[in-house]
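**Student:** predicted model, plus sequence, below.
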Amino acid sequence: MRVLFVHQNFPGQYRHVAPALAARPGHAVVALGINPAPPLPGVRHLRYAVEGRSTPGIHRLAQDFETKVLRGEAAARAALRLREEGFAPDVICGHPGWGETLFLKDVWPEARFLSFVEFSYGARGADVGFDPEFPVRAGEGLFAVRVRNAAAYLAFEASDWLVSPTAWQASRVPAPFRPRLSVIHDGIDTDLVRPDPRARITLDRTGTSCAPGDEVVTFVNRNLEPYRGYHSFMRALPEILRRRPQARAVLVGGSDVSYGAKPPAGRTWKDIFLDEVRADLDLSRVHFVGRIPYGTYLNLLQVSAAHVYLTYPFVLSWSMLEAMAAGCLVIGSATPPVEEVIRDGENGVLVDFFSPAAIAEAVVRALAEPEAFRAMRAAARRSAEGYDLARVCLPRHLRLIEEVAAGALQPAA
């Protein structure tokens, strides 16, 4: 089987799938992307550059689509060069979010096409308009949400099948596409990410060390921003530290913006919401560690006494499932992507995203009564095993790719 993976930041969601296919005898695996990528065994990675820039003065609502068309054209030109070499994929696996897959079905009409569905944007029922603190401007603000899906929906129309990581993310896809959609998570390595009573972590240059049993509150995101509830957590933090004088909070994440609106010029969301509560915090017990090595991050989860995960109705973070796999007590927001995995009082605790008081109360109780949550931690670990990479998700994903390549799938009734 000949397989082409397309992702601007390859490997992305294909980190495990691509080398697993390449390891099978007789398979040829090629990847297209824009950014540099670490070498993966058996995978030929080709980069392409986007030529040209957005048209000066183009209508604001057309800017996003034009940018994606430019990326799609660049990827298609790279695909044409591959075709000239004699490469003809049996199946194309692509992330359509940045436009790269727009024209690939025109380059190889006979190839089967499996699209990765990360998120469908909409004006209601998800992230847009969820947080009243950051309202979306009526009119053009909502128009921009609708056109943002255009490139992805064109790719879906050209696809033979779709795959999405969670049922809630899949539910956001327009109804006409859903009969050709499978739900398979990317997978968590639960052999690597697991509880470890011997774990230790040093928090700062003074040598402050923490171990399981210490009152460590963790909060992890790629960037510290409102989409992932940073503002709600910071507003809860003064009460947590006031009521638990031995507690420490460790926040992992950068100061950029991954999702949503940018902060005011010259500011970061991190500083804006830290400044809001700074006078009420014992900053010697608040540790902003930025982005840390993966092994350090795992150790942090393993010593966590309470792990807070908050999110808008949006894409579910790998970090929440990894926290559960590490045996954390996850205090999560009662929002759809979290509620799909966490059952309140059984394998975690659900709280109101907008209630710093509720967040603080849940964390304080977790720190004060650790034995009361031991069974909940064990249940979280068992739930995470349902998303295990090697035993559950990767075999299902490989089988799906083979079935798509063979044209063996039929749309649901």
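**Tutor:** Received, thanks.

**Student:** for the residue lying closest to residue 172 once chain neighbours are set aside, helix, strand, or coil?
**Tutor:** Nearest in space to residue 172, with sequence neighbours left out and distances taken as CB to CB, 6 or more residues apart in numbering, is residue 120 at 4.1 Å. In short, each C-beta sits where N, CA and C put it, glycine included. Following DSSP: H, G, I helix; E, B strand; the rest coil, we place residue 120 in the coil state.

**Student:** and for residue 120, the neighbour number?
**Tutor:** Close neighbours of residue 120, defined as other CB atoms under 10 Å, add up to 19.

**Student:** for it, what are its contacts?
**Tutor:** Residue 120 sits next to 149, 152, 172-174 when contact means CB atoms under 8 Å, 6 or more residues apart in numbering.

**Student:** which residues of this structure fall in helices?
**Tutor:** 17-22, 63-84, 104-107, 140-148, 150-158, 167-171, 230-243, 269-277, 294-303, 318-325, 336-339, 356-368, 374-385, 394-406 (DSSP state H).

**Student:** just those: most buried one?
**Tutor:** helix 318-325 (a mean of 25; mean count of other CB atoms under 10 Å).

**Student:** leaving out sequence neighbours, find the closest residue to residue 380.
**Tutor:** residue 324 is the one closest to residue 380 (CB to CB, 6+ apart), at 4.0 Å.

**Student:** now do the contacts for that neighbour.
**Tutor:** Residue 324 neighbours (CB under 8 Å, 6+ apart): 330, 341-342, 347-348, 380-381, 383-384.

**Student:** what pLDDT is listed against it?
**Tutor:** Here, the pLDDT recorded for residue 324 equals 98.

**Student:** from residue 225, how far out is it?
**Tutor:** 22 Å (CB to CB, to the nearest Å).

**Student:** same question for residue 104.
**Tutor:** Distance from residue 104 to residue 225, by CB to CB: 33 Å.

**Student:** could you do residue 402 as well?
**Tutor:** 39 Å.

**Student:** with residue 238 instead?
**Tutor:** 20 Å.

**Student:** please apply the same query to residue 366.
**Tutor:** According to CB to CB, residue 366 and residue 225 sit 24 Å apart.

**Student:** same check, this time on residue 161
**Tutor:** In terms of CB to CB, residue 161 sits 33 Å off from residue 225.

**Student:** circling back to that earlier point, just the pLDDT at the residue nearest to residue 172, thanks.
**Tutor:** Residue 120 is assigned 92 on the pLDDT scale.

**Student:** dump stretch 359-370 to PDB, restricted to CA.
**Tutor:** The C-alpha coordinates for stretch 359-370 follow below in PDB (Å, rounded to 0.1, in the frame of the first residue of the first chain):
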ATOM      1  CA  ILE A 359     -13.100  25.500  41.300                       C
ATOM      2  CA  ALA A 360     -11.400  26.600  44.500                       C
ATOM      3  CA  GLU A 361     -13.800  24.500  46.600                       C
ATOM      4  CA  ALA A 362     -13.100  21.300  44.600                       C
ATOM      5  CA  VAL A 363      -9.300  21.800  44.700                       C
ATOM      6  CA  VAL A 364      -9.400  22.600  48.500                       C
ATOM      7  CA  ARG A 365     -11.400  19.400  49.200                       C
ATOM      8  CA  ALA A 366      -9.000  17.400  47.100                       C
ATOM      9  CA  LEU A 367      -6.000  18.700  49.000                       C
ATOM     10  CA  ALA A 368      -7.700  18.300  52.400                       C
ATOM     11  CA  GLU A 369      -9.100  14.800  51.900                       C
ATOM     12  CA  PRO A 370      -6.700  12.900  49.500                       C
END
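
**Student:** which parts of this structure belong to which domain?
**Tutor:** Under the assignment automatic domain parsing, the domains of the chain span 2-187+389-406, 201-385.

**Student:** for these, which one sits closest to residue 193?
**Tutor:** Set against residue 193 and scored by CB to CB, the domains of the chain come closest in domain 201-385, at 4.2 Å.

**Student:** how many neighbours does the closest residue to residue 44 other than its chain neighbours have?
**Tutor:** In this structure, residue 44 finds its nearest non-sequential neighbour in residue 30, 4.8 Å apart by CB to CB, 6+ apart. By the criterion of other CB under 10 Å, residue 30 has 21 neighbours.

**Student:** give me the residue at the spatial middle of the chain.
**Tutor:** residue 317 (3.9 Å; CA atoms, centre = their mean).

**Student:** my guess is that one meets residue 219, correct?
**Tutor:** No: between residue 317 and residue 219 there is no contact under CB atoms under 8 Å: 11.6 Å.

**Student:** what sits in contact with each of those two?
**Tutor:** residue 309.

**Student:** could you pull up the residues touching residue 50?
**Tutor:** Residue 50 touches 34, 70-71, 74, counting by CB under 8 Å, 6+ apart.

**Student:** wait, I meant residue 274
**Tutor:** residue 234.

**Student:** ok, now residue 183?
**Tutor:** 163-167, 170.

**Student:** as a markdown table, those residues with distance to residue 311 and pLDDT would be great.
**Tutor:** Converted to a markdown table, these look like this (distance: CB to CB, whole Å; pLDDT from 0 to 100):
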| residue | distance to residue 311 | pLDDT |
| --- | --- | --- |
| 163 | 21 | 98 |
| 164 | 17 | 97 |
| 165 | 14 | 97 |
| 166 | 12 | 97 |
| 167 | 16 | 96 |
| 170 | 17 | 96 |
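
**Student:** closest one of those to residue 276?
**Tutor:** Closest to residue 276, out of all of the contacts of residue 183 and judged by CB to CB, is residue 166, at 32.2 Å.

**Student:** got the phi and psi for the closest one?
**Tutor:** The phi/psi pair for residue 166 (degrees, to the nearest 10) reads phi -130, psi 160.

**Student:** am I right that residue 76 is in contact with residue 102?
**Tutor:** Yes: contact criterion CB under 8 Å: residue 76 and residue 102 qualify, at 7.4 Å.

**Student:** got the contact list for the residue nearest to residue 314 when sequence neighbours are not counted?
**Tutor:** Distances taken as CB to CB, 6+ apart put residue 127 closest to residue 314, at 4.6 Å, once the chain neighbours are dropped. Listed by CB under 8 Å, 6+ apart, the contact set of residue 127 reads 121, 227, 259-260, 312-314.

**Student:** okay then, goodbye and thanks.
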